[in-house]
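Visitor: model this:
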Amino acid sequence: MLHKIKPKSEFGRNVLTLMSGTVIAQAIPIAITPILTRLYTPEEFGLFALFFSILAIFSVVANGRYESAVMLPAKDEEAINIFALGIVINTTLSFSLLVIVIIFNDNITHLLGNKEISIWLYFVPISLFFTGLFNILTSFNNRQKNYRDMADALIIKSLVMSSIQIIIGLLKSGVTGLISGQIFSQLFANMRLLKNIIKDKALVSSITLEQIMHLGKRYKKFPQFSLPSALANVLSGHLSNILISSFFSVTTLGLYSLVQRILGVPSALIGKSISMVYYEEGTKEKIQTGSAIKIFNSTLKKLIVIGIPFFGILFFIVEDLFVFVFSEEWRVAGHYAQIAIPMFLISFVVSSLSATYDMFEALKTELLWQVILLIGSVFLVISSHLLSLEFQTLLIVLTMYISIMQLVSLYIIRKILLGKVIN
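Guide: Have a look, this model is predicted:
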């Protein structure tokens, strides 16, 4: 009976495999969120969001963006050398950041305007190393179609994080549980993915300094253009979070972070799985036909069919849903969520297809778009502070601006696939 409902296409089966693990991995932290909102205050959630925003910004550059190039070589021997290059860059950056934090901790704390973050700055380099390693391990496992192992790693990561956050939260140790869960979850997930590489001794032995340097130059577009593009993308969201913490309050950031956590579920749950398989299938179509318009059109339709009903229904019930699930203390977050839903709907669709930029190495084009998005987002946050606007007003304007920019990106992606954009 079950075999009749399984997808017949390889694309569908791969998406289902990844999605099954992702569904479980995302369901666990979502299921325990009502517990966490009763163990941790909005201020503590805000402090965790501040830590995570700092980590997310540095995570983009952890591997020099070479993780995006792992899929492209025809031979696994070349891909493993790109993997090794990413590890070298990640290790160097993490150690350098640790030195900087040790020397300039007081200065950074003062700049962020939050004394509580001081001690946690020392843990950013450690978490950065684990995060960078997870990203490039995921890329290499994706290349080898180890979708079951990738799904298992996501589940392990979720279980470890959730368990630690609850256990330490019960001890009322402030933000310690939230941050500790983040760090240790990456460690255990990496152990699951790493075994697929180290067991292939012949492949690992093909790593050479000469090949690392050669492929580093061959795919230099990724650190040159994809890295600043991805950095601009992360900065547009996470730098805004840091500024919200400084200009409004860490409590406001805590409330908004819950919105991001909940409304980001479809992208993390479904969109990321679809995006990874879209990248793999699109790369094959590109090699065979020179384009990937067929897989793009079919994927776009799937995303729209999934996204509109979910976010449409959520729009009308989200505020009361937040109160019911997370307690009255989080009602304001529910109101913020209702305002931001259109932005998250459009982002769910477009971000899942943004792998097209890497697929066709249209990195200059993506960089330009990301820089415009960053400048506009930061400008709006700073302007709202200077004009003494309420956070709700800022959120409305940000939602409109980011939604428009995402639609522009979708238009550009289609032009790239039609060969009408010069890379």
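Visitor: and the helix or strand hosting residue 384, average pLDDT?
Guide: Using DSSP states H and E, residue 384 falls within helix 363-386. Mean pLDDT, computed over helix 363-386, is 90.
Visitor: name the helices or strands packed onto the very next helix or strand once past that helix?
Guide: Counting by DSSP H and E, the next helix or strand C-terminal to helix 363-386 is helix 391-417. With contacts defined as 3 or more Cβ pairs under 8 Å, 6 or more residues apart in numbering; DSSP states H and E, helix 391-417 has these neighbours: helix 227-247, helix 250-263, helix 293-326, helix 331-351, helix 355-359, helix 363-386. In short, each C-beta sits where N, CA and C put it, glycine included.
Visitor: give the buried residues for helix 391-417.
Guide: Under the neighbour-count criterion of 16 or more other Cβ atoms under 10 Å, helix 391-417 has 391, 394-395, 398-399, 401-403, 405-406, 409-410, 412-414, 416-417 buried.
Visitor: next: stretch 182-196.
Guide: For stretch 182-196, the neighbour count (16+ other Cβ under 10 Å) marks 182, 183, 184, 185, 186, 187, 189, 190, 192, 193, 194, 196 as buried.
Visitor: residues in contact with the last one?
Guide: Same thing as residue 196. Counting by Cβ atoms under 8 Å, 6 or more residues apart in numbering, residue 196 touches 140, 141, 144, 146, 149.
Visitor: tell me the spacing between the third one and residue 215.
Guide: When distance is defined by Cβ to Cβ, to the nearest Å, residue 144 is 18 Å away from residue 215.
Visitor: more neighbours: which of these two?
Guide: residue 215 (22 against 16; other Cβ atoms under 10 Å).
Visitor: pLDDT of the helix or strand containing that one, averaged?
Guide: Assigned by DSSP H and E, residue 215 belongs to helix 209-218. Over the span of helix 209-218, the pLDDT mean works out to 89.
Visitor: repeat for stretch 85-98
Guide: 94.
Visitor: quick one: buried residues of that stretch?
Guide: Across stretch 85-98, burial judged by 16+ other Cβ under 10 Å covers 85, 86, 87, 89, 90, 93, 94, 97, 98.
Visitor: stretch 212-226 too?
Guide: The neighbour-count check on stretch 212-226 (16+ other Cβ under 10 Å) flags 212, 215, 216, 219, 221, 222, 223, 225, 226 as buried.
Visitor: repeat that for stretch 286-302.
Guide: Neighbour counts over stretch 286-302 (16+ other Cβ under 10 Å) mark 286, 291, 292, 293, 295, 296, 299, 300, 302 as buried.
Visitor: and what of stretch 299-317?
Guide: 299, 300, 302, 303, 306, 307, 311, 314.
Visitor: now stretch 256-272
Guide: 256-263, 265-272.
Visitor: residues in contact with residue 340?
Guide: 259, 263, 395, 399.
Visitor: of all these, which comes closest to residue 24?
Guide: Set against residue 24, the nearest of the contacts of residue 340 by Cβ to Cβ is residue 263 (19.8 Å).
Visitor: these two touch, right, the closest one and residue 338?
Guide: No. Look at residue 263 against residue 338 with Cβ atoms under 8 Å: they stay out of range, at 10.0 Å.
Visitor: great, nothing more from me.
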